[in-house]
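[1] Attaching a predicted model along with its sequence, questions to come.
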Number of protein chains: 4
Amino acid sequence: MTISLSGRNRMPAFGSDNMAGVSPQILEALAHCNDGPARSYGADEVSARLERRFAELFEHEVSVLLVSTGTAANTLCLAAATPPWGAVLCHPLSHIENDECGAPEFFTGGAKLVPVEGPLAKIDPDTLRLRSRAGRGDVHSVQPACVSITQATELGTLYTPDEVATLGAICRESGLALHMDGSRFANAVAALDVSPAEMSWKAGVDLLSFGATKNGAMGVEAVLSFAPERGHELALRRKRGGHLTSKMRFLAAQMEAYLADDLWLANARHANAMAARLGRGLAGIEGVEVQEGAQANILFCKLPEGMAAALLEAGFYFYADRWAPNVVRLVTSFATAVTDIDLFVSAARSFGMGPIAGRS
Amino acid sequence: MTISLSGRNRMPAFGSDNMAGVSPQILEALAHCNDGPARSYGADEVSARLERRFAELFEHEVSVLLVSTGTAANTLCLAAATPPWGAVLCHPLSHIENDECGAPEFFTGGAKLVPVEGPLAKIDPDTLRLRSRAGRGDVHSVQPACVSITQATELGTLYTPDEVATLGAICRESGLALHMDGSRFANAVAALDVSPAEMSWKAGVDLLSFGATKNGAMGVEAVLSFAPERGHELALRRKRGGHLTSKMRFLAAQMEAYLADDLWLANARHANAMAARLGRGLAGIEGVEVQEGAQANILFCKLPEGMAAALLEAGFYFYADRWAPNVVRLVTSFATAVTDIDLFVSAARSFGMGPIAGRS
Amino acid sequence: MTISLSGRNRMPAFGSDNMAGVSPQILEALAHCNDGPARSYGADEVSARLERRFAELFEHEVSVLLVSTGTAANTLCLAAATPPWGAVLCHPLSHIENDECGAPEFFTGGAKLVPVEGPLAKIDPDTLRLRSRAGRGDVHSVQPACVSITQATELGTLYTPDEVATLGAICRESGLALHMDGSRFANAVAALDVSPAEMSWKAGVDLLSFGATKNGAMGVEAVLSFAPERGHELALRRKRGGHLTSKMRFLAAQMEAYLADDLWLANARHANAMAARLGRGLAGIEGVEVQEGAQANILFCKLPEGMAAALLEAGFYFYADRWAPNVVRLVTSFATAVTDIDLFVSAARSFGMGPIAGRS
Amino acid sequence: MTISLSGRNRMPAFGSDNMAGVSPQILEALAHCNDGPARSYGADEVSARLERRFAELFEHEVSVLLVSTGTAANTLCLAAATPPWGAVLCHPLSHIENDECGAPEFFTGGAKLVPVEGPLAKIDPDTLRLRSRAGRGDVHSVQPACVSITQATELGTLYTPDEVATLGAICRESGLALHMDGSRFANAVAALDVSPAEMSWKAGVDLLSFGATKNGAMGVEAVLSFAPERGHELALRRKRGGHLTSKMRFLAAQMEAYLADDLWLANARHANAMAARLGRGLAGIEGVEVQEGAQANILFCKLPEGMAAALLEAGFYFYADRWAPNVVRLVTSFATAVTDIDLFVSAARSFGMGPIAGRS
C-alpha cells in the first residue's frame, strides 16, 4: 500500500488540526471580497464590520486585532500584559512554554515564563495563589504580571467557566492580567455549551487569543482585548512585530465567514464529536487506555506495545513517542470524516491479527 | 457623486499597490491546494516544490522562508545580518527607516539604522564608503554590519545591476552584508529586463526580501538567502517572531502560482506600463511636474495648487501632503486598468474648468 | 622628553574629565564608611541619608538610584520614559546618539533615536515642536515619547533655565517626558549660578542623570526622578541591567561626600575656570579659533595646520581629528592645575618657533 | 539591647558576604592609583598589567573584562554564549534563575533558562545529558546553547574538578558552552586546594565570572573568556550594557590588589574556616541540623522551633524563612571574626535557657 497524504486515497491524518484544509465557506469569502481595491491595513469595510460582529458575539466592547498565526496572537497578548521584568504564570505543558521557540520572551522583551502545575494541563488555583505572590516587590525577582491559560488545553481538557472564574479572581486580587490562549476556543465553547462571554470576560479573562486557523480558517486569529483602550498599544506592537497585514480584508473575510451562521461552532462540534467517537472506539479495544478528561478534539491514548508503529506503518498519521512510551496524540478537525474514525478504530482493533489494512 | 471604494462604480485608487486585490490565478491556486490534509509548517509538498523553483529561478542554491508580510521579510533578513550592537546602513527614505514602527530595531535586538543619503532614494556609493567605516572597532559606537537597499525604491526609481554591484563591492570590502528590500522586486526586474540572478546575488546581494503581495498575491513574501546555511537561523527567528504559518501550503501555493508562467513579471510589467502611461498623461498638463527617474509603478508629482484636493474630492484615492505641499504619490498595480489611468489624467486636465467629473 | 601619563612629571591631559582621578574628600569617605558590616543593595544608612539629601538639594521629592556609569544612568531614564515603539528625540551630537554603542536602544527594547538639530549642540525649539508630532498615532511610525537634552552639552555650551523651560513646555503639550543627561550638570549649575531646582524640575525636567564621576567621584551617578512613583520601575530596571551594586554604601558614600560642603560646585567651578583661562589664552594666539558659546569645561578649537600634531608630540593629551581637520577638543576637570593651562597655552604660542617644550 | 548594624558594638551579621566591607589592602590600592590623570575606559596601565596577571594566574590566554557587579559578569557571559532563541541550562536554585530579575533574559535578548535538577544545588550529569538534546533542531523549541553552573554553589557546596569535567564533556559533545558563575570562585579554589586552571578551562569551562566583591573587593568582577577571540564582542556588549567604567583604573586596582600576594585565597580560606567553625559549633547543639556537603562559606541549617526568631531578636542578622520553616542561611566572609562565630554559637546554645545574650 502506498502511504501518502496526497492523492485521492489518502489515509486519515490525526497529527494536528492544522493539517486540515480550509472550510469551503471561508474560501468562498476570500473570492468574494476580491472585488476591486480596498483600503489596506484594516481600514477596509470588512474589518469594520468584523469589529462590530465581535462586540456583538462577546456582548462586550472589545478591541479586535487580526493576525495570521496563533503564536503572534499569544505573544501580542502577553507582551501587552507583561513588562520585561515580569513573569507570565502558565502551565508547564502550555504551548507558550514549549512550542513557540521563545516567542513570548521575544515579544515581552525578556519576561520569564514561570510554571504553575496542575492536573490535566490545567493550572491549580492553590498553586497559582502561591506563585502569584512569589517575589512581589523584591527587585531581585521577576514580578508576576500575567496568567496565561489554554482553553481547550494542550491535553484536550477544559476549564469550566467556574474554574476560569476562580483563576480570574486570584488574578484580580493580585493585580495580574488573565490571558486565554484560545487557539481551540471554539472547541471549548462548543463542548461546554456556554456563551463566548461566559467563557471569557465574565470569568475574568482580559485578553483572548481567539483562534480560527485550527478550526477551518486558512490563517487568521483575533487578539481580543476586553479593555479596548489597550487597542492602540496592541496595534503598535502588531506592526512592530511584522504582523500588520497589508491586504487585511482577506484576513477579515476569513474571520467573518468563520463567525457567520455559527460556522465556527458547527466546525468545532464536529471535531469534538469525531474525537469522542474515536475515544469510544479505542476505549473498547483491549490494552488501549484513553486518557480521562478529554472533551475537545485532542485525545491522548496509551496503546499496547507495537500498535502505534503498526498504525503509522499502515499509513495513519499522528504523533507518538514524544510524551512517554506508547503514548500517542490524536487530533480531529472539522474535516475529519466519520469514516476516518472508523477506519482508524477498526485498524487498531485488528492489531495483532495480521497486517493492518489501510484504505482499499 | 458618491465616493466609494466599494460598489460597482468605484473610483480608481492610486493609494498603494497593496489596495489591489489578488490575481485570479493565485486565488485558484488556493482553492486547488485545499484538498485533504497536508503536513503543516512547511513540510508539505507545495513548499518542497517551491524551494526547487526558487533555486531554478535564481540560478543559485537558496534558502527560502515564506512569511506573510514585507515587514516580516525585511526584519528577518536584517536580524540575521546585524548583531544587536550593529548598524544597518540605509537610505533616509527607506521603508525600514520610516514605515515599520521600529520593527528592524525589535527583530535585531536594538540595532541602529544609520542613514546614508543619495539622490532619488538611492544610496550614494561614496557616502556609503564613508559610513561603512564609521566607528569600526570603537566600543563606544555601533558597528556597521549590514546595508539595506530598496529595489524598486520608495520613489519608484531603480538601481541598475551595476549600481547594485558597486554597493555590493563596498560591502564585501568592509565585511558588511547586503540586503535588498524587494517588495517591488518584480517591478524592478521587469523594468530593467534583467534576470533575477543579475539583480541579486550576481550583484552582491546576500539576502533578498522577495515580495509578492503588492504585485498580486494575497499575503506572501519570501526571505531568500543566497548563503543557504543561514536557513536554520532564519527559520528559528521566523518561528520566534510568530511568522511560521501552520497551514503553510496556502502561502506556498500563492507563491507557486505567482511564479508560474511568469505571472509575477506579467503583473509587474502591467503595473509599470500603467505608471508610465500616467506619467506621460500628467506630464502634458500645464503646471504638473512629474518627478524624474521613476521607472517602476510609483510616481511622485507636484500638482498645481488645489488640484490634489479637487481630485480627492472627486473620489480618486491617493496620498498627498505627506512629503511637501502639493506633492502627491500615485501607485499603480497589476489591477490598474487603462481606463483608470485615462480617467485620472482627464480629470486632472479638466482641473480649473469646473468641477472634476468622476466615473459616470 | 619622555611622554607619559604616569610618573611624576606627567604632562597635562585634556582628553576628558574622566581621565582625572578622585577628589581626596571622596576617597576619604570610602575609607570612612568601611567600618563593619552594612546591609547591602542600598538598605544601608548612607543610602538612606542620601535620599533625604537629594530631596533637600533639589527642593522636591525625588527617587534616587545610584549607578556606576553615566551610560547606565541615561539608559535607565530613557527606558523608563520610552516604550519599545517610542522615539527619543535628541540632538545629533548627543552622547546617547553617538557614544553609547546603542545602549539606549538596548535598554528601551529597541526604541529609535530621532535627531533634532539646533546650533551649538542645543535642540532648536521649533524643530522639536515639529518632530514631537511626527508620526503620532500612525502605527507605521515610532511614537515620540521622550526628549533628551545634555547639560552642559557635548560642545561645552549651556541651556539657560528659560531655554530648558521652553523645551519642557513643548514636552508637556505633546505628552513627552523630558530627560536631562547631566553628566556635567555641576558644570552647568556652577556656570549659570542657578539652583539645581531651577535647572531641572522647575524647567520641566522629569528625569535627570546627575553625574558625579567626571567631576571628582570614582564612579557614581544618580538617576533622579521627580515623579518618585517611577522609583520602583527604575529599581527593577536597574537590577535587571546588572546595575544594582551589592556594596551600595560605597557608591552612596562617594555621592554624599560629593554633595557635602558643596564640593560638587567647587570642583565644577574650578574646571569651568580652567577652561575659561584656556580659552582666553588660546584666543590670543594667531590662527587659533576658539568656538563661541562654551561656558563649561569643554573647549573646541580650530588650530593652525600642524599645531595639534606638534602639541600631541610634545606630550599633551587631547582628542583631535575626530570632528574636522585641525579641530581639537580640550576638556578640563577639578584636577586641572593653573600650571597645566599655562603650560599648554605657552606651548601653543611657541608653535612655529622650534620644537615645543614640555614640562622640564 | 539596641540592635544595630552600625555603631561600635555591632552584632555579627551572617546575612551575606556582601555585607562585609573592603579589605584594607584594596582600599589602599585605590588611594595609591589616584595619582594624576590616566587614560579612561581600560586603556590605563593598571588594566594592562591585570590582563597579564590573569593569563599567568590561569596559565592560559584569556580575555579580561572588568565590571562592577556579579549580575553584569554573569549576563555578559551568558549573552556571549546564547543566541536569543537559545536555552541556558542551569540549576533551579541558581542565582541567575532566581536572583537577577531576569537580567539573563534581558542581556541575551530573550533566551530561556531551563532548569536541570541535581542534589545539593549541583547539576546532575545524566539529567544534563537529557536536557542538552531536548528540542535540538526543532524550530518550535528553544535551542540548548549554554550550561551555567555556580561554583561554590548557592548552598555552599562544591563541584570537584572531575565533576566539572564531566559536565564539560557533555557540553563539548553537544556543542554547548560552559559558563561558571564564580562569584565565590575563591572560596571553591581555597576549599578544594586546586589551581584556578584546574577549576576552569582544564575542566571545560569556557567563560568564568570571576568574583571579587563578595570576598573583599569594593565592587569588581572579571569576565574571563578562555577563548580570547570572544573579547571584542564581550567588550561591545559591556559598553552597550552600560558596564564600561570610565575611570577603569579604580576597578583594575581593586582586582590587582585582590590577586596580589594571594589575598583572594587568604580571604577565602578565612571565610571558609569561619563557616566550618560555625558548622561544628552548631552541629553540637541539640535539635540543630546542619546541611551536609557545605564546604565553602555558606551554611544552611534547620534550627529548632523558635531559635531563629530568638537569635534575630538578639540582634544577629541572617536570612530565615525563605526556604522552609526554621531553615536559615548563614554566610561568613573575610571579615568574620572568630568571636563572631563563638558569640553566635554560644547564643544558639543558650536558646531555651532564658533570653539570648548579645554583645555586652
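    Perfect, thanks for sending it.
[2] And the residue of the stretch 251-360 of chain A closest to chain C?
    residue A:251 (15.6 Å; CB to the nearest CB). Heads up, the C-betas are built off the backbone N, CA and C, glycines and all.
[3] which ones are touching that residue?
    A:66, A:67, A:68, A:219, A:220, A:245, B:219 (CB atoms under 8 Å, 6 or more residues apart in numbering or on different chains).
[4] longest helix in chain A, by residue count?
    Counting residues, the longest helix found in chain A (DSSP state H) is helix A:263-283.
[5] Domain boundaries for chain A, per the record?
    A:24-261, A:264-349 (automatic domain parsing).
[6] where does the stretch 101-250 of chain A come near chain B, residue by residue?
    Listed as neighbours of chain B in the stretch 101-250 of chain A under the rule CB under 8 Å from any CB of the partner chain: A:101-103, A:106-107, A:213-214, A:218-219, A:236, A:239-247, A:250.
[7] Please flag which of those sit within strands.
    Nothing among these maps onto strands, per DSSP state E.
[8] quick one, helices of chain A?
    Using DSSP H, helices in chain A cover A:24-32, A:45-58, A:70-81, A:95-98, A:103-108, A:125-131, A:161-174, A:185-192, A:231-240, A:249-259, A:263-283, A:307-313, A:338-349.
[9] can those go into a markdown table with extra columns for distance to residue D:77 and mean pLDDT?
    Compiled in a markdown table, the helices of chain A are given as follows (distance: least, CB to CB, whole Å; pLDDT from 0 to 100):
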| stretch | distance to residue D:77 | mean pLDDT |
| --- | --- | --- |
| helix A:24-32 | 50 | 97 |
| helix A:45-58 | 47 | 97 |
| helix A:70-81 | 27 | 98 |
| helix A:95-98 | 25 | 98 |
| helix A:103-108 | 19 | 98 |
| helix A:125-131 | 29 | 97 |
| helix A:161-174 | 34 | 98 |
| helix A:185-192 | 42 | 98 |
| helix A:231-240 | 30 | 98 |
| helix A:249-259 | 43 | 98 |
| helix A:263-283 | 48 | 98 |
| helix A:307-313 | 43 | 96 |
| helix A:338-349 | 51 | 96 |
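[10] Quick one: closest of these to residue B:153.
    helix A:231-240 (21.6 Å; CB to CB).
[11] which of the residues in that closest one are buried?
    A:231, A:233, A:234, A:235, A:236, A:237, A:238, A:239, A:240 (16 or more other CB atoms under 10 Å in any protein chain shown).
[12] Any residue of it touching chain C?
    Yes. Using CB under 8 Å from any CB, helix A:231-240 reaches chain C at A:232, A:233, A:235, A:236, A:237, A:238, A:239, A:240.
[13] Out of these, which is nearest to residue B:155?
    The nearest one, if we look at the residues of helix A:231-240 next to chain C relative to residue B:155 and count by CB to CB, is residue A:239, at 22.6 Å.
[14] Would you mind measuring from the closest one to residue C:131?
    20 Å (CB to CB, to the nearest Å).
[15] check contacts around residue A:309.
    Residue A:309 makes contact with residue A:320, according to CB under 8 Å, 6+ apart.
[16] give me the number of residues near the residue nearest to residue A:211 when sequence neighbours are not counted?
    Distances taken as CB to CB, 6 or more residues apart in numbering or on different chains put residue A:183 closest to residue A:211, at 3.7 Å, once the chain neighbours are dropped. Residue A:183 is flanked by 28 other residues according to other CB atoms under 10 Å in any protein chain shown.
[17] tell me the phi and psi of residue A:183?
    With angles defined as degrees, to the nearest 10, residue A:183 sits at phi -60, psi -20.
[18] picking that back up, go through the longest helix of chain A and flag the buried ones.
    Here helix A:263-283 shows A:263-279, A:281-282 as buried, counting by 16+ other CB under 10 Å.
[19] Next: stretch A:302-315.
    A:302, A:303, A:304, A:307, A:308, A:310, A:311, A:312, A:314, A:315.
[20] quick one: contacts for the spatially closest residue to residue A:114 that is not a sequence neighbour?
    Spatial nearest neighbour of residue A:114, chain neighbours left out: residue A:87 (4.5 Å); criterion: CB to CB, 6+ apart. The contact partners of residue A:87, by CB under 8 Å, 6+ apart, come to A:111, A:112, A:113, A:114, A:135, A:142, A:143, A:144, A:145, A:146.
[21] dump the residue contacts of the second one.
    Which is residue A:112. Residues in contact with residue A:112 (CB under 8 Å, 6+ apart) are A:86, A:87, A:88, A:105, A:142, D:102, D:105, D:113.
[22] Next, count neighbours for the fourth one.
    What it means is residue A:105. Neighbour tally, residue A:105, other CB under 10 Å: 30.
[23] hang on, isn't it packed against residue D:104?
    No. If you go by CB atoms under 8 Å, residue A:105 and residue D:104 don't touch, sitting 10.7 Å apart.
[24] Touching both of those two, which residues are there?
    Common contact partners of residue A:105 and residue D:104 (CB under 8 Å, 6+ apart): residue D:111.
[25] ok, back up a step: which among the contacts of residue A:87 end up buried?
    Here, 16+ other CB under 10 Å leaves A:111, A:112, A:113, A:114, A:135, A:142, A:143, A:144, A:145, A:146 buried among these.
[26] could you dump these to a markdown table with pLDDT?
    Below are the buried ones among the contacts of residue A:87 laid out as a markdown table (pLDDT from 0 to 100):
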| residue | pLDDT |
| --- | --- |
| A:111 | 98 |
| A:112 | 98 |
| A:113 | 98 |
| A:114 | 98 |
| A:135 | 95 |
| A:142 | 98 |
| A:143 | 98 |
| A:144 | 98 |
| A:145 | 98 |
| A:146 | 98 |
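[27] Tell me what angle the strand ranked longest in chain A forms with helix C:231-240.
    Determined from DSSP E, the single longest strand within chain A is strand A:143-150. For strand A:143-150 against helix C:231-240, the angle by axes from the mean of the first three to the mean of the last three CA atoms, to 10 degrees is 80 degrees.
[28] could you redo the contacts of residue A:251 as TSV and give each row pLDDT?
    Shown next, in TSV, are the contacts of residue A:251 (pLDDT from 0 to 100):
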residue	pLDDT
A:66	98
A:67	98
A:68	98
A:219	98
A:220	98
A:245	98
B:219	98
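[29] ok, residue A:199 touching residue A:188?
    Yes. Using CB under 8 Å, residue A:199 is in contact with residue A:188, at 6.4 Å.
[30] Mind listing what's buried along stretch A:126-146?
    For stretch A:126-146, a neighbour-count test (16+ other CB under 10 Å) marks A:128-129, A:131-132, A:135, A:139-146 as buried.
[31] again, but for stretch A:59-73
    Those would be A:60, A:62-73, for stretch A:59-73 by 16+ other CB under 10 Å.
[32] what's the closest of these to chain D?
    Of all these, chain D sits closest to residue A:71, with 9.2 Å by CB to the nearest CB.
[33] So the closest one is in contact with residue A:103, correct?
    Yes. Counting by CB under 8 Å, residue A:71 sits close enough to residue A:103 to count as a contact (5.0 Å).
[34] Now list whatever residues contact both of the two.
    B:239, B:242.
[35] next one: the longest helix of chain A to chain centre, how far?
    Chain-centre distance of helix A:263-283: 15 Å, with CA atoms, centre = their mean, to the nearest Å.
[36] could you give the angle of it to helix A:45-58?
    Using the same axes, to 10 degrees, helix A:263-283 lies at 60 degrees relative to helix A:45-58.
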